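Chemist: Pasted the sequence and its predicted model underneath.
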Amino acid sequence: MARTGGQWGAFECLGAPAMMRGSIAIPLGLAGPPAACSGRPGRIDVFVAGHSGELLHTWSNGGDWSPFESLGAPTVRIAETQQPLPLSGPLAACSCGIDRIGVFIRGPLGDLQLKWWDGKHWSEFASLGWPQVLDEIYPAVTVAVPLAGPPAACSWGPGRMDVFARGPDGDLLHKRWDGRVWGPFECLGMPTARDPEPRCIPFTGAVTACTWGANRVDVFARALDENLYHAWWDGSWDHD
């Protein structure tokens, strides 16, 4: 469904990937929710997981939609070879400049993974790592822990990407690209309640994020008490 001018258009079926058997196309269907972004004026790119676990992509420049193309799947090294692993959960997409698109997934091993379009070529899936926590037995040592939920991503300006996901303790995690390097995961915490003693309320659902101006990011998530919570960045982090 698209909005042009002052009204919404009708729903338009964009179809599904298909497998050819001779001259017959057999629809395969989709395996997860889509993510979309725009890398230039008049252009929309849509990404979704296919039933065989690969990342699928379709796009429109204002006219017809392209056929679905496969962008592959993440891989893991097993016995000296790279083996594909299916996508795990929903994905996120954002653009941080003209023809610059990042697609983010929670990898099969719980890490944050990125696939990148530079205007000419798609990169392979690359791991951006795991959150790090202090080891319970050896507190001076940090250990990697998997993400507990799918990522959300947005960009408030050229060369900038902010990615959010739920951590294993129900906290909100944040990772950012400043145009040169990826920063480490940082913990933005979780809501607190006083009834009568202070207690933490872990997040339980997926996170969503958006931006409406330079240096501004808004993040929304559902917590265990089934309320919607909001945090925002305007030079520093704050929350309702």
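Modeler: Alright, I've got the coordinates.
Chemist: What distance do you get for Ser95 to Ala36?
Modeler: Distance, Ser95 to Ala36, using C-beta to C-beta, to the nearest Å: 10 Å. The way it works is simple: take the backbone N, C-alpha and C, and place the C-beta from them, glycine included.
Chemist: what residues are shared contacts of these two?
Modeler: Asp45 (C-beta atoms under 8 Å, 6 or more residues apart in numbering).
Chemist: give me every residue that touches His239.
Modeler: Taking C-beta under 8 Å, 6+ apart as the criterion, His239 is in contact with 191, 229-232.
Chemist: Pull out the buried residues from those residues.
Modeler: Neighbour counting by 16 or more other C-beta atoms under 10 Å classes 191, 229, 231-232 among the contacts of His239 as buried.
Chemist: domains in this protein, as residue ranges please.
Modeler: 25-129, 130-240 (automatic domain parsing).
Chemist: got those as TSV, with mean pLDDT and distance to Gly15 columns?
Modeler: Output for the domains of the chain, formatted as TSV (pLDDT from 0 to 100; distance: least, C-beta to C-beta, whole Å):
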stretch	mean pLDDT	distance to Gly15
domain 25-129	94	7
domain 130-240	95	24
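Chemist: How about the secondary structure of the spatially most central residue of the chain?
Modeler: The centre of the chain sits closest to Ala92, judged by C-alpha atoms, centre = their mean, with a distance of 2.5 Å. Following DSSP: H, G, I helix; E, B strand; the rest coil, we place Ala92 in the strand state.
Chemist: residues in contact with it?
Modeler: Contacts of Ala92 by C-beta under 8 Å, 6+ apart are 35, 103-105, 150-153, 163.
Chemist: buried subset of those?
Modeler: Neighbour-count burial (16+ other C-beta under 10 Å) applied to the contacts of Ala92 gives 35, 103-105, 150-153, 163.
Chemist: if we can go back for a sec, neighbour count winner among Ser95 and Ala36?
Modeler: Ser95 (21 against 13; other C-beta atoms under 10 Å).
Chemist: immediately after the strand or helix carrying the more buried one, which helix or strand?
Modeler: When elements are assigned from DSSP states H and E, Ser95 belongs to strand 88-97. As assigned by DSSP H and E, the chain's next helix or strand after strand 88-97 is strand 100-106.
Chemist: What strands flank that next one, and is each parallel or antiparallel?
Modeler: With DSSP bridges as the test, strand 100-106 is paired with strand 88-97 (antiparallel), strand 112-117 (antiparallel).
Chemist: Tell me the gap between that strand and the middle of its chain.
Modeler: 6 Å (C-alpha atoms, centre = their mean, to the nearest Å).
Chemist: that older thread, so which of the buried ones among the contacts of Ala92 would you say is closest to Cys187?
Modeler: Val163 (13.8 Å; C-beta to C-beta).
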